[in-house]
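Asker: Coordinates for the following, if possible.
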Amino acid sequence: MIARSTSAAIAWSHLALRFIRPLIGVLTMIAIICAPLAIVFQNEAFAAVQQHFGEPASAYPASHVAALIVCGAIVLGLVWLFLKTLTAIVMSAERADPITVQNAERLAFMGWIMVAIQLFKYPTAWLGLIVETAFKGPTSTVEVSGTLLGIIAVLTLFLLSSIVRSGAAARTYPEGAI
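Answerer: Numbering: from 1, shown residues only. Presented below is the predicted three-dimensional model:
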């Protein structure tokens, strides 16, 4: 018989992940579908930009808009992968067995996903600046800075991975052994 965790936090986390993960997956698919549409329907999009912003500063940058949408899809895909990995950890916690080498590897993988998300903001911001400048003119600015919270999240995930790995290794020693 498998022991089950009775923690309300774990149960609520699993429930939230069951809702959020498919939602992120759908948003990722929508972004993937929209990227080529930004090029195919560039004339219609340009007309909408003209109607909203007035006469744009330059021609509609269809390829940059498509690339910006692809960047968004990649980040959404990384978030989906992060949540999928987190779901596996929550499920192992539901089975009352969270201190495993597999969970240590999952936490390290989540750390690398967060590194990728943190690094991906730079090309995304650059493309966003190109698109916004085309619509609004050279007065557009995009501020990109390294966030302390992102760095702390990455360090925390790698630290937790190390702690869980040590805990899993300690569980393999026979009781009473030093």
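
Asker: From now on I want contacts and neighbour counts done on CA atoms only, so please keep to that.
Answerer: OK.

Asker: How about residues contacting stretch 155-167?
Answerer: Here stretch 155-167 makes contact (CA atoms under 8 Å, 6 or more residues apart in numbering) with Ile99, Thr100, Val101, Asn103, Ala104, Glu105, Arg106, Leu107, Ala108, Met110, Gly111.

Asker: Kindly recompute the last result at 6 Å.
Answerer: Stretch 155-167 is contacted by residues Ile99, Val101, Ala104, Leu107, Ala108, Gly111 when judged by CA atoms under 6 Å, 6 or more residues apart in numbering.

Asker: what packs against the host helix or strand of Ala16?
Answerer: Secondary structure assignment for Ala16, by DSSP states H and E: helix 8-40. In terms of contacts (3 or more CA pairs under 6 Å, 6 or more residues apart in numbering; DSSP states H and E), helix 8-40 is packed against helix 62-94.

Asker: From the structure, what's the count of residues near Ala45?
Answerer: 16 (other CA atoms under 10 Å).

Asker: For Ile152, see how far away the residue nearest to it when sequence neighbours are not counted is.
Answerer: Distance criterion CA to CA, 6 or more residues apart in numbering; nearest residue to Ala45, sequence neighbours excluded, is Ala38 at 7.4 Å. Separation of Ala38 from Ile152 (CA to CA, to the nearest Å) stands at 36 Å.

Asker: More neighbours: which of those two?
Answerer: Ala38 (21 against 11).

Asker: re earlier: neighbouring contacts of whichever helix or strand comes after the helix holding Ala16?
Answerer: Going down the chain from helix 8-40, the next helix or strand is helix 42-53, by DSSP H and E. For helix 42-53, the external contacting residues (CA under 6 Å, 6+ apart) are Tyr60, Ala62.

Asker: Report the mean per-residue pLDDT for helix 42-53.
Answerer: The pLDDT scores in helix 42-53 average 79.

Asker: same question, stretch 149-164
Answerer: On average, stretch 149-164 scores 93.

Asker: For the lengthiest helix in the chain, buried residues please.
Answerer: With secondary structure taken from DSSP state H, the chain has its longest helix at helix 101-136. By neighbour count on 16 or more other CA atoms under 10 Å, the buried set for helix 101-136 is 101-115, 117-118, 121, 124-136.

Asker: which is the next helix or strand following it?
Answerer: Immediately after helix 101-136, counting by DSSP H and E, sits helix 148-171.

Asker: and that next one, how far from the chain's centre?
Answerer: Between the centre of helix 148-171 and the centre of its host chain there is 18 Å, according to CA atoms, centre = their mean, to the nearest Å.

Asker: ditto for stretch 13-22
Answerer: That offset, for stretch 13-22, works out to 15 Å (CA atoms, centre = their mean).

Asker: Same question for stretch 162-175.
Answerer: On the basis of CA atoms, centre = their mean, stretch 162-175 sits 30 Å off its chain's mean C-alpha point.
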